[in-house]
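1. For reference, the sequence and a predicted model appear below.
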Amino acid sequence: MKAYPSLFKPLRLGSLELQNRMVMAPMTRSRALEGNVPNPLAVTYYVQRASAGLLITEATQVSSQGVGYIRTPGIHSPEQVAGWKKIVDAVHEAGGKIFAQLWHVGRMSHPDFHDGVLPVAPSALQPDGEVFTTRGRTRLVTPRALELYELPGIVEQFRHGAASAKAAGFDGVELHGANGYLLDQFLRDGSNQRTDAYGGSIQNRARLPLEVAEAVIQVWGAERVGYRLSPTFNMYSMSDSNPVETFSYISEQLSQLRLGYLHVTEQVGGQGARITPLLREKFRGALIVNGGYGAETGNEAIARGEADLVAYGVPFLANPDLPQRYQSGSPLNTADRATFFAGEEKGYIDYPALR
């Protein structure tokens, strides 16, 4: 009888040896300081969770243009890099591995974040929904469509963010191509109505995401780069007329680039049939799944060969020692949703570990 790996077995990801197959999913916590510098509390936060096989940071904007949320950290200024370096060094000292998630929110922003200037997107389409600014809940606006000559600058923002992450000592980077943010906006025909070389066909709509991936690979090497997708995400007016074709194509292209992993989330705002099993066939590298998994279901996904790693969000937020709890069958802490995006220490670094 063939022995299948479990959630708690090590995994070799390129040249990295991961201590288990549990990934801490990227989670926005809105605790950055002035200048979008990482909060010193984040050192404790990430170190507490360093028993994950891989930590993926909260989404981290690659430029000031990429900001769309209150108090989210960046990875483009010297001060931000210095703040992240303290975190990365501490995680490494604790035996952990950590990737930075690189982010540009595109139209999921507001002029309040940009001195009155409109956010940018592939097309001037107003998404349905609200964003939190310093004035509270504010309706999303109609963005400005990026001009063709501006797109190399977007690629450069990601390249610079990748280089900044390398300077901070990270083990790799994940490109945030999911959840209705800029790369996702370009990929899907519901948000991309361009008629130039970056719109229309799936090959054109995938052009910018793939150019970004190629630029970041030049900084890191392909095995240290991951890419996150959300095929069934439908919030904020996100849609695609043929998601199977669209996400199969981008997965195949990323596979040809030999990326280290594909991270697929089907949790928030999802509907319809799962596309992840099909993407498993299209992508030759490691596959991370995310979407409400627990200890048993995550272990089963690994054992059945449906995934190589499983990402956990809220369970890791509330349980810094989640691998130990899952492996021992210990009870879990209850997450305090009121402190997900506020509270400083409370709900951030004060969840108890097992004794």
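-> Right, received. Where do you want to start?
2. show me where the stretch 251-355 of the chain has strands.
-> Secondary structure of the stretch 251-355 of the chain, counting by DSSP state E, counting those that start in this stretch: strands at 261-265, 286-290, 309-312.
3. count of residues packed around residue 160?
-> 17 (other CB atoms under 10 Å). Where you see a C-beta, it was placed from the backbone N, CA and C, and this is true even at glycine.
4. now it, what's its secondary structure?
-> On the three-state scheme (DSSP: H, G, I helix; E, B strand; the rest coil), residue 160 is labelled helix.
5. which residues sit in contact with residue 31?
-> By CB atoms under 8 Å, 6 or more residues apart in numbering, the contact set of residue 31 is 39, 41-42, 71, 344, 348.
6. repeat for residue 70
-> Listed by CB under 8 Å, 6+ apart, the contact partners of residue 70 are 30, 132-134, 341.
7. Please name every helix or strand in contact with the strand or helix carrying residue 151.
-> Assigned by DSSP states H and E, residue 151 falls within helix 151-167. Packed against helix 151-167 by the contact rule (3 or more CB pairs under 8 Å, 6 or more residues apart in numbering; DSSP states H and E) you find strand 60-61, helix 78-93, strand 98-103, strand 172-176, helix 207-220.
8. Buried residues of that helix, list them for me.
-> The neighbour-count check on helix 151-167 (16 or more other CB atoms under 10 Å) flags 151, 154-155, 157-166 as buried.
9. Check what contacts that helix and list those residues.
-> Surrounding helix 151-167, the residues in contact under the criterion CB under 8 Å, 6+ apart are 60-63, 65-66, 75-76, 80-81, 84-85, 100, 102, 104, 146, 173, 175, 182, 198, 208, 211-212, 215-216, 218-220.
10. any idea where the helices of the stretch 251-355 of the chain begin and end?
-> 276-282, 295-303, 314-318, 322-328 (DSSP state H, counting those that start in this stretch).
11. Nearest to residue 53 among the ones you listed would be which one?
-> Closest to residue 53 of the helices of the stretch 251-355 of the chain, according to CB to CB: helix 322-328, at 7.9 Å.
12. pLDDT of that closest one, averaged?
-> The pLDDT scores in helix 322-328 average 96.
13. Low-confidence stretches in this protein?
-> For the chain, the stretches with pLDDT under 70 are 1-4, 267-273.
14. Mind putting the helices and strands packed on helix 151-167 into a markdown table with mean neighbour count?
-> Conversion of these to a markdown table gives the following (neighbours: other CB atoms under 10 Å):
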| stretch | mean neighbour count |
| --- | --- |
| strand 60-61 | 28 |
| helix 78-93 | 18 |
| strand 98-103 | 28 |
| strand 172-176 | 28 |
| helix 207-220 | 21 |
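15. Out of those, the one nearest residue 186 is which?
-> Nearest of these (CB to CB): helix 207-220, 4.6 Å.
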